[in-house]
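1. For reference, the sequence and a predicted model appear below.
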Amino acid sequence: MHDVPEHAEPPRLSSDADDAVRPSPSRRPVEAVLFDFHGTLAQVEEPREWVIAAAAACGVELDRVRATALADRLLTAGRAGGPLPARVPPRLAELWADRDLYQHAHRGAYTGLAETVDAGIDGFADALYERVLVPEGWVPYPDTEPVLAALREAGVKVALVSNIGFDVRPLFAAWKLDGLVDAWALSYEVGRCKPDPGIFLRACGMLGVDPERTLMVGDSPADAGAVAAGCEVLVLPGADPGRPNGLGAVLDLALRN
C-alpha cells in the first residue's frame, strides 16, 4: 500500500504546531473529513505476531526467536502495511508499480516479495498476505472510534481515502465502524492514487461537499496532496499498534465552530 511508509517528519502537535495547522477564523466551517487508513485510523499487527499467525495458518508453530528473525527479514523484503522494500526484484517491478491500482497486482507484489525470504514453510507467502485482509491483522488506534462517532454526532461527513489494493470495508464492518464512514475512495476502485488531487476530489464528490469545507487527515506526504484539491490538511505522527497517534486533534479542527 502506498499509504504506508515514505513518511516525512510529521509536525509535532505542540501549541506552536496547533497554531500552524489551525485555519484562520475566516475559513469556512468543516463539513467533511477525509481520512487515510493505514497509519491514521489503524495499524498492522506487530511483525512477530504477524509471522506467528501466518505460520500457524500453515500448520507450523514457530518459537518467538525464529519468528522474530523471520519478521526482520520479511520487513526488509517488504510487507503490506509495513516499510517499503529495500529492493524490488525486476520480475516484480510491474506488479509493484500497479499495486494500488489492481487487486491482483497488490497480492502478486507482496506475495512475491515474501517469497524472496526462504522460510521453509509451504504456503507461507500467501498466509502472510491473508493477514492483511482480515480484521485480526490490524489494530485500530484507540481514538478511531471516539473520533468517528463524535464527527457523526456533529453531522460532519466522513470518507476514507486510501492508496490500497484491497477492500477495507469488511474490516470496518468487523470493528463495527462501517456505519461511521459515509464514502470510500479506494485507489484500486477510483483508479487514482494519492497525492493525485483527483482522488480527493472524487471523495468530496461522493460526499457532496466543497473541498474548501473539507479536512484531509493522514500521516504521510502523499496525504498532503489534498492541498492541491483545495482541502485543509492535518498530518499526524506515526504510532505503533494500540498507541495514541493524536487523532483527537481532528475534533479541535473539524468542530471548532
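-> Received, thanks.
2. And the pLDDT at the residue sitting nearest the centre point of the chain?
-> With distances taken as C-alpha atoms, centre = their mean, the residue of the chain nearest its centroid is residue 38 (1.7 Å). pLDDT recorded at residue 38 is 95.
3. ok, now residue 241?
-> On the pLDDT scale, residue 241 gets 88.
4. ends of stretch 34-45, how far apart?
-> Distance between the two ends of stretch 34-45: 23 Å, counting by C-alpha to C-alpha, to the nearest Å.
5. returning to that earlier point: so what's the residue nearest to the centre of the chain bridging to?
-> residue 42 (DSSP bridges).
6. In this structure it contacts residue 44, no?
-> Yes. Between residue 38 and residue 44 there is a contact at 7.1 Å, judged by C-beta atoms under 8 Å. (Glycine included, C-beta is placed from N, CA and C.)
7. Run the chain-centre distance for stretch 54-61.
-> Centre-to-centre, stretch 54-61 and its host chain are 26 Å apart (C-alpha atoms, centre = their mean, to the nearest Å).
8. which neighbours do residue 38 and residue 44 share?
-> Applying C-beta atoms under 8 Å, 6 or more residues apart in numbering, one finds that residue 38 and residue 44 are jointly contacted by residue 81.
9. now the strands for this protein?
-> For the chain, the strands defined by DSSP state E occupy 32-35, 42-44, 138-140, 157-162, 183-186, 214-218, 232-235.
10. CSV please, covering these and showing mean neighbour count, mean pLDDT and distance to residue 89.
-> Conversion of the strands of the chain to CSV gives the following (neighbours: other C-beta atoms under 10 Å; pLDDT from 0 to 100; distance: least, C-beta to C-beta, whole Å):
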stretch, mean neighbour count, mean pLDDT, distance to residue 89
strand 32-35, 26, 98, 33
strand 42-44, 22, 95, 22
strand 138-140, 19, 96, 27
strand 157-162, 25, 98, 26
strand 183-186, 20, 98, 27
strand 214-218, 26, 97, 29
strand 232-235, 22, 96, 32
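11. do you know which of the ones you listed lies nearest residue 114?
-> strand 42-44 (13.9 Å; C-beta to C-beta).
12. So which elements touch that closest one?
-> If contacts are counted by 3 or more C-beta pairs under 8 Å, 6 or more residues apart in numbering; DSSP states H and E, strand 42-44 sits against strand 138-140.
13. what are the pairing partners of the strand it packs on, and which direction each?
-> Strand 138-140 is paired, per DSSP bridges, with strand 42-44 (antiparallel).
14. Contacts for the strand it pairs with, please.
-> 38, 50, 79-82, 132, 137-141, 144, 171, 239-242.
15. now stretch 89-105
-> Counting by C-beta under 8 Å, 6+ apart, 1-2, 88, 106, 108-110, 112-113, 116, 163-166, 187-188, 191, 193 sit against stretch 89-105.
16. per-residue confidence averaged over it?
-> Across stretch 89-105, pLDDT averages out at 98.
17. need the contact list for the spatially closest residue to residue 47 that is not a sequence neighbour.
-> Residue nearest to residue 47 in three dimensions, not counting chain neighbours: residue 71, with 3.9 Å by C-beta to C-beta, 6 or more residues apart in numbering. By C-beta under 8 Å, 6+ apart, the contact set of residue 71 is 47-48, 50-51.
18. cutoff 6 Å now
-> Contacts for residue 71 (C-beta atoms under 6 Å, 6 or more residues apart in numbering) come out as 47-48, 51.
19. so can I have TSV of these showing pLDDT and distance to residue 216?
-> Shown next, in TSV, are those (pLDDT from 0 to 100; distance: C-beta to C-beta, whole Å):
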residue	pLDDT	distance to residue 216
47	96	29
48	97	33
51	98	33
